[in-house]
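Peer 1: What follows is a predicted structure for the sequence shown.
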Amino acid sequence: MTLSAQSLTPSFDLSLAPLPGTTARLFSPPRLPLAPPDLLMTVPTYNEAENIPGLLERLTAQGAVVGVLIVDDRSPDGTGEAVKSFQKAHAAHVYLLERLDNRGRGPAGIDGYLQALHMGAPLIGEMDADGSHAPEDLPGLLKALTSGVDGVIGSRLVPGGREEGRTLARRLLTRAANLYIRALLGLPYRDTTSGYRIFRRELLREIPWTDLISRGPSLLQEILLIIHKNGHRLAESPITFRDRVLGESTLNRRILLDSLRIVLAFREKYGAVRGKEGEK
Ligand SMILES: Nc1nc2c(ncn2[C@@H]2O[C@H](COP(=O)(O)OP(=O)(O)OP(=O)(O)O)[C@@H](O)[C@H]2O)c(=O)[nH]1
Ligand SMILES: [Mg+2]
């Protein structure tokens, strides 16, 4: 059964959130499922038009509990249009946050979380659009959340976790980056560079979103450090990570080096996790 946006339960808000420093528009589907989503996955996108239809099909197939918020920076390849076509054809919780300025993976990630918090889903997560993060791993992540933890990281580096289609050098880079981050920040998680994760909304509300250092992918570690320092504990659930098949990576050497350097700035600002604090 479906109904129009106006009649959806008031606990799920379909208006645009205040997004400091960003001008944006929110596009909702013309028809919605009856119940609001339990989980809203935010997905930053830049030139992912080829990947969007398959991703949305697979995500919404995970059940009515899963909603999707695509956070697109007006990709020239028509990613936004691909989302709107899906919205027209399906009564599913698929939303498009179209950001008109302030381009970048970091600010897009922050705006995604702010919009998702504003909408009101009890669980909020993030994942990439390039097929690296399989929607079919979501049930496993949600199961890990039932064990009383405050969030879950989809992890390549716990037993059962894997990276597929990547060269040995690239897999070693994942491990080396994680060792470096662990050594410097003391976070007790194996895969702090994984962009596939889910949190309870309460702990995301405590994050000072307008006062973060990160402008790029290091946002992933900054969020984990703040959450951990706030006393919350996360589980790690195994995922099978697949290297991007379609489209182009936005990762380059400069972004990578910046990400390593910024870890030192986190240590300076927040301090490393120490002793008992580092226990899960
Ligand atoms: N909104 C927005 N999304 C972005 C931007 N840059 C990257 N993304 C998205 O962020 C996600 C991760 O980007 P990727 O290019 O896959 O980067 P990566 O996973 O670190 O690198 P690969 O290993 O090459 O896949 C993807 O869904 C991208 O489309 C941006 O400037 N704005
Ligand atoms: Mg990727």
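Peer 2: Nice, I can see it. Ligands and ions are numbered 1, 2, ... in the order given.
Peer 1: Skipping adjacent residues, who's closest to residue 134 in space?
Peer 2: Among residues not flanking residue 134 along the chain, residue 240 sits closest, at 6.1 Å (Cβ to Cβ, 6 or more residues apart in numbering). The way it works is simple: take the backbone N, C-alpha and C, and place the C-beta from them, glycine included.
Peer 1: Show me what the one you found is bridged to.
Peer 2: For residue 240, the beta-bridge partners under DSSP bridges are residue 162.
Peer 1: tell me the contacts of the closest residue to residue 205 other than its chain neighbours?
Peer 2: In this structure, residue 205 finds its nearest non-sequential neighbour in residue 117, 6.3 Å apart by Cβ to Cβ, 6+ apart. Contacts for residue 117 (Cβ atoms under 8 Å, 6 or more residues apart in numbering) come out as 17, 124, 201, 204-205.
Peer 1: So which elements touch the helix or strand harbouring residue 183?
Peer 2: Element membership for residue 183, per DSSP states H and E: helix 168-185. The contact analysis (3 or more Cβ pairs under 8 Å, 6 or more residues apart in numbering; DSSP states H and E) places helix 168-185 against strand 162-164, helix 219-229, helix 253-270.
Peer 1: What separation is there between the spatially closest residue to residue 244 that is not a sequence neighbour and ligand 1?
Peer 2: Distances taken as Cβ to Cβ, 6+ apart place residue 130 nearest to residue 244, at 4.1 Å, with adjacent residues excluded. From residue 130 across to ligand 1, the span is 4 Å (Cβ to the nearest ligand atom, to the nearest Å).
Peer 1: Can you verify residue 130 is assigned to a strand?
Peer 2: No: remark: residue 130 does not belong to a strand; assigned using DSSP: H, G, I helix; E, B strand; the rest coil, it is coil.
Peer 1: these two touch, right, it and residue 248?
Peer 2: No: counting by Cβ atoms under 8 Å, residue 248 is not a contact partner of residue 130; they are 9.2 Å apart.
Peer 1: on that earlier part again, what's the closest of the contacts of residue 117 to ligand 2?
Peer 2: Closest approach between the contacts of residue 117 and ligand 2, by Cβ to the ion: residue 124, at 20.2 Å.
Peer 1: Please identify the residues of the stretch 51-200 of the chain in proximity to ligand 1?
Peer 2: 71-73, 103-105, 108, 128-130, 132 (Cβ under 6 Å from any ligand atom).
Peer 1: The residues you listed: which two are farthest apart?
Peer 2: Largest separation among these by Cβ to Cβ: 103 and 132, giving 21.1 Å.
Peer 1: These two - which one has more neighbours?
Peer 2: When residue 103 and residue 132 are compared for neighbours, residue 132 comes out ahead with 23 against 13, by other Cβ atoms under 10 Å.
Peer 1: Next one: the more buried one, what pLDDT does it get?
Peer 2: If you check residue 132, the pLDDT there is 96.
Peer 1: ok, stretch 35-42 near ligand 1 or not?
Peer 2: No: using Cβ under 6 Å from any ligand atom, stretch 35-42 stays clear of ligand 1, with a minimum separation of 10.0 Å.
Peer 1: which parts of that stretch are buried?
Peer 2: Judged by neighbour count (16 or more other Cβ atoms under 10 Å), stretch 35-42 contains these buried residues: 36-37, 39-42.
Peer 1: now, which of those residues lie within strands?
Peer 2: Counted as lying in strands by DSSP state E, out of the buried residues of stretch 35-42, are 39-42.
Peer 1: mind putting the residues you listed in a markdown table, distance to residue 161 included?
Peer 2: Conversion of these to a markdown table gives the following (distance: Cβ to Cβ, whole Å):
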| residue | distance to residue 161 |
| --- | --- |
| 39 | 21 |
| 40 | 24 |
| 41 | 19 |
| 42 | 22 |
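Peer 1: contacting residues around the nearest residue to residue 42 once chain neighbours are set aside?
Peer 2: Once flanking residues are discounted, residue 42 sits nearest to residue 112: 3.3 Å by Cβ to Cβ, 6+ apart. By Cβ under 8 Å, 6+ apart, the residues touching residue 112 are 42-44, 69, 71, 97, 126.
Peer 1: now, which of these sits nearest residue 141?
Peer 2: Using Cβ to Cβ, the contacts of residue 112 come closest to residue 141 at residue 126, 11.5 Å.
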